[in-house]
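[1] Below is the sequence, then the predicted model.
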Amino acid sequence: MFSYNSMNTRFLPVLFSSALMLSLLIPTSTYAFTDIRNGSQLAAYVEELSAKGIISGYPDGSFRPTQTINRAEALKIIFETVGIRADADSNSGFPDVAKTEWYAKYVTKAKQNNIVGGYPDGRFRPGQEVNRAEFVKMALSAL
């Protein structure tokens, strides 16, 4: 192993110019998520899902990979992945799903197709973190 101090300094210009040339030859991603590092394994997956319209990130340009998703977001991801079209109908019948919300059409379609049934209190709870069991149930029901 060598250190900077022990390395012959005449190789530094060659090392830096080689690194620069390589960086210009390696293709970089052009998607707009500000919190995903280009070239990472996650970037490839996120870019693919974004290109297919399955995910879109947040209005501030972030993807927030460590943030959990809620029940409404899970439905959208499932629908887009399996190819279920959510109609314009946004009257889900759930009192906590306003017709004007972006996810209302997904919740409505999911309820119509028995993908979701809501909680015993009659609410859907779209902003609640989706747990693994709920996600799997919704995904299998959608298939």
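    Yes, it's here. As the structure is a computational prediction, the values presented were derived from the model and not from experiment.
[2] When you work out contacts or count neighbours from here on, use the C-alpha atoms and nothing else.
    Will do.
[3] How about residues contacting stretch 102-114?
    72-73, 75-76, 79, 86-93, 97-99, 116-117, 141-142 (C-alpha atoms under 8 Å, 6 or more residues apart in numbering).
[4] what about 7 Å?
    Stretch 102-114 is contacted by residues 72, 75-76, 86-92, 97-98, 116-117 when judged by C-alpha atoms under 7 Å, 6 or more residues apart in numbering.
[5] what's the answer for stretch 83-91, then?
    With C-alpha under 7 Å, 6+ apart as the criterion, stretch 83-91 contacts 79, 99, 104-106, 108-109.
[6] Of these - the most surrounded one?
    Within these, most neighbours by other C-alpha atoms under 10 Å means Y106, with 27 neighbours.
[7] from the contacts of stretch 102-114, which is closest to Y45?
    Comparing these against Y45 with C-alpha to C-alpha places K76 closest, at 17.0 Å.
[8] which residues touch the closest one?
    Y106.
[9] sec struct for the residue nearest to the spatial centre of the chain, please.
    Closest to where the C-alpha atoms of the chain average out (C-alpha atoms, centre = their mean) is I55, at 4.5 Å. Following DSSP: H, G, I helix; E, B strand; the rest coil, the label given to I55 is coil.
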